[in-house]
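J.: sharing a sequence plus its predicted fold:
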Amino acid sequence: MAEKKKNSAGKMVRQVVFWGIILLIVGGVFSVLKPEAPLEKMAVSEVVSKANNGEIKQIEITENNLKVTLKDEEKPSFQSVKENGSIYEQGLKTDAPVEVSVSEESGFGAILGDVLIMGLPTLALIIFFIFMMKSAGNANNSAMNFGKAKARIYGPDKKKITFDEVAGNESAKQDLWEVVDFLKAPAKYEKLGAKIPRGVLLEGAPGTGKTLMARAVAGEAEVPFFSISGSEFVEMFAGVGASRVRDLFAKAKKNAPAIIFIDEVDAVAKKRSQRGGGAHDENEQTLNQILVEMDGFENETGVIVMAATNRRDMLDPALLRPGRFDRHIQVTLPERRERLDILKVHFKNKPVDASVDLDKMAAKTAGSSGADLANIANESAIIAARLGHEKIGNQDVVEAFEKVAIGPERKSKVMNEKERESTAYHEAGHAIVGHVLPNSDPVHKITIIPRGRTGGVTWFLPPEDRNYTSIHEFKDILARGMAGRSAEKLVYGEGGITTGAGSDLKHATELARDMIMEQGMGENLQNQVFPNSDDDGFWAGASKPYSEKTAEEIDKEVAKLLKDATKRADEILAANREDLEKLKDALIEKETLDENDVAEVLKTAKLPEVAKQKA
Ligand code: ADP
Ligand code: ZN
C-alpha cells in the first residue's frame, strides 16, 4: 500500500512511541505470567507416548510450540518444538487422558514473552514493531506474519492469467465470466436486487484447470487472488486452521474486491460420516470457521470464495447450502477438440516444425487432463533440447506423450536373454488377444524396453473418445489383461509363470470387482450395487450394507469373471500358437513395434469360436 510509505516522519515517531509504551506494559504482564526457570526440552514422540500413558496433564499448543504440564504439576515444565503434522498424526490417541489446549492466537504472545524474558533491549523491540507496522496492511509481505494464513497471493500486478490461457470448458468459462462481472461492476447487480454469489464450487478431476480458472477470474477482474489448500490445514495443530481461515478472510476483505481460492476443500470439509482419526476436531473447527466467515459476509464485501474439489458428493452438505457454495461449476476432462485447443495454448510460444501434428496428438490422448497435455508440451521441449534439435519435431512430441503416459524408457535396466524372451511372449500374448477380440481397442504399440515401472508394455488406444463401456468390452479387456500370464503358461508350463503379471492381475481383479459391485454386471447379482467402501456415504458409517452371504456371492462372481477371462485368453493363444512365436521373434529383434507392424505380423490371427461372447 503506497499510502503507508508516505507517512510523515512526525506521525511515525508518534506511533513508535505509542507502540513502545504498549510493548513495555505487555512485556511486564508477560514476565509476571512466565515461569522463572526455562523449560526443559522433550521430543514430540516422547510427549505423545507419555500423554497416551496418562503421564501428562496438559499440552498447550501455540503455533510451533508445545508446552507440557506433567500429571502432578501446576505449571508446564517441558516444551517441544513443532514437527510436521499435528500431534494426533504423530500418534496421540484421541481418547488419551490429556487436556490439549490450543492458543488460537498465533503464538505471538508466547514469542513476545520469550523475547522479553531473554532480556532483549526494549529498543530492539521497538525496531521490531516498526517492522511489524510496516508489514501490517501489506498483505504481500510475509515477514512477521506469525500464524497468519500462508495464502499465496497473486495480486493484480503479478503475472496475470486471463481466460485466453484456459482452453476448452466453454460452459464453465461462461459461468465464470459472470463472476468476473460481479467483481467488476457489483452495482449493476445490486441495483436490480440481485444477490451476488459468495461461494463458487469448481468440481472436476485433478489437473482439469480448476486453479487456472480461478486465477483467470481474478486476472480478468483485476483483483487480488488469495489461495490456500485444504491439505495445508490438515497439517496444522488443532485450532490453527481456524485462525488461518479467519486471517485469510480478513486479509481478503481488506483487499476487496478479491478472490479467495480454497483448493482441495474436501480435505477439511468431508461429510461427518467420512471423517475419522485424530484430524477430526481440527477439520471440524476449520470447516466451521469457513462457514462462519461466509455467513458473516455482508453483501457488499466484494469477496468471492472459490473452492475446488474432485468429489462434491464427499462434501459436508452444510458447505453447499444457499449463501455458501451455492454455485456449482463442473470442470470436465477435455474432449478431442478441447484437447487440441489446450495443446495449442501450450505449444503457442514454443518453436515447432511442420511435422508436428497436434490434431493427431489430440486424438490419441483421450482421458488426459489439461495438466497432462501441458506436461506433454513441456516434455516435448525438454526432449527436443536434449537431442539438440532447433525446433520441436513430431517425434519429440510422440516421445513426450509416451513418457507422460507410461513413464520414461529405462534402457539402462538390464534384462537377461531369458527375461527378454519371457517378456516378449508375455507382451505378445496381450497383443494377440487384444487384436482378435472385437471389443478391445486396437494395439497402438508394444515394447519390451522397460518403461516406468513395467518390464514391457502393450498399449491399446481407443480410436475415439467414449463415455460408456459395455459388459462385452469389459470382458474383452479382462481377457487381454490375463493374456500375458496365459502366454507364459502356454510356453513354459505352469511352473514357468513369473511375477511379470502381478500388476495385470491387480488391474483385472479391480476391474472385475468394480463390474460386480459398482456396475451391477454379475450373473446372479444383477442390477444392484454394493459399494466397496463408504466413500459415497452409502454405508452411513455403519458396517457394510449387505449380508455375509452376499459378500460371499460377490467373491464368487468376481472369481468367475477372472476365471472365464483366463480361459478365453488360453483358448485364443492356443489357437494362434504360431503367431505368438512370430510376434515374440519380431519383438526380440526390434524391441518396439507400432500398430502397423503388429497388424502385419498378425494378419492371419483368428478368434476361435469358443472364445466368442454370446450376444
Ligand atoms: P486443477 O486445479 O484442476 O487440479 P490446475 O489448474 O492446477 O488443475 O492445472 C494444472 C495446469 O494444467 C495448469 O497450470 C495449465 O498449465 C494446465 N491446464 C489445465 N487445464 C487447462 C486448460 N483448460 N487450458 C490450458 N491449460 C490447462
Ligand atoms: Zn502384462
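T.: Structure received. Ligands and ions are numbered 1, 2, ... in the order given.

J.: only C-alpha atoms for contact and neighbour calcs from this point on.
T.: Fine.

J.: in this protein, which residue is most central in space?
T.: Nearest to the mean C-alpha position of the chain, counting by CA atoms, centre = their mean, stands Pro206 at 5.8 Å.

J.: how close does Ala377 sit to Lys184?
T.: 34 Å (CA to CA, to the nearest Å).

J.: between these two, which one's more packed in?
T.: Between Ala377 and Lys184, counted using other CA atoms under 10 Å, the more crowded position is Ala377 (24 against 16).

J.: contacts only, for the more buried one.
T.: By CA atoms under 8 Å, 6 or more residues apart in numbering, the contact set of Ala377 is 343, 346-347, 397, 400.

J.: may I see those arranged in CSV, with neighbour count and pLDDT as well?
T.: Formatted as CSV, these follow (neighbours: other CA atoms under 10 Å; pLDDT from 0 to 100):
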residue, neighbour count, pLDDT
Leu343, 23, 97
His346, 19, 96
Phe347, 19, 96
Val397, 24, 95
Ala400, 24, 93
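
J.: show the backbone phi and psi for Lys603.
T.: When read as degrees, to the nearest 10, the backbone of Lys603 gives phi -70, psi -20.

J.: tally of neighbours for it?
T.: By other CA under 10 Å, the burial measure for Lys603, its neighbour count, is 12.

J.: and what of the one 5 residues further on?
T.: When neighbours are counted by other CA under 10 Å, Pro608 registers 16.

J.: distance check, it against His472.
T.: Distance of Pro608 to His472, computed by CA to CA: 16 Å.

J.: quick one, strands of the chain?
T.: If DSSP state E is used as the criterion, the strands of the chain fall at 40-41, 56-62, 65-70, 78-81, 99-102, 152-154, 199-203, 225-229, 258-263, 303-309, 327-330, 443-447, 457-460, 592-594.

J.: if I average pLDDT within each of these, which one is lowest?
T.: Of all the strands of the chain, the minimum mean pLDDT falls on strand 152-154 (a mean of 55).

J.: that older thread, turn the strands of the chain into TSV, columns for distance to Glu293 and mean neighbour count.
T.: Converted to TSV, these look like this (distance: least, CA to CA, whole Å; neighbours: other CA atoms under 10 Å):
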stretch	distance to Glu293	mean neighbour count
strand 40-41	38	13
strand 56-62	22	22
strand 65-70	27	22
strand 78-81	30	19
strand 99-102	20	16
strand 152-154	19	17
strand 199-203	11	23
strand 225-229	15	24
strand 258-263	12	26
strand 303-309	10	26
strand 327-330	17	17
strand 443-447	53	21
strand 457-460	50	20
strand 592-594	57	17
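
J.: wait, which of those is closest to Ser355?
T.: Of all these, strand 592-594 sits nearest to Ser355, with 18.6 Å by CA to CA.

J.: so which elements touch that closest one?
T.: Contact partners of strand 592-594 among helices and strands, from 3 or more CA pairs under 8 Å, 6 or more residues apart in numbering; DSSP states H and E: strand 443-447.

J.: just how off-centre is the strand it packs on within its chain?
T.: 30 Å (CA atoms, centre = their mean, to the nearest Å).

J.: and the contacts of it?
T.: 427-428, 431, 434-435, 456-461, 587, 591-595, 598.

J.: check contacts around Asn524.
T.: Each residue near Asn524 by CA under 8 Å, 6+ apart is listed here: Glu557.

J.: rerun that using 10 Å as the cut-off
T.: Counting by CA atoms under 10 Å, 6 or more residues apart in numbering, Asn524 touches 516, 553-554, 556-557.

J.: try Gln285
T.: Here Gln285 is in contact with 238-243, 245, 268, 291 (CA under 10 Å, 6+ apart).

J.: closest to Ala483 out of those residues?
T.: Relative to Ala483, the closest of the contacts of Gln285 is Val268; by CA to CA it sits at 43.4 Å.

J.: give me the pLDDT for that closest one.
T.: With respect to pLDDT, Val268 has a value of 81.

J.: quick check on it: phi, psi?
T.: Dihedral angles for Val268 - degrees, to the nearest 10 - are phi -110, psi -10.

J.: now for the closest residue to it other than its chain neighbours, how many residues are close by?
T.: In space, and not counting its chain neighbours, Val268 is closest to Asn283: 4.9 Å by CA to CA, 6 or more residues apart in numbering. Neighbour count for Asn283, taken as other CA under 10 Å: 24.
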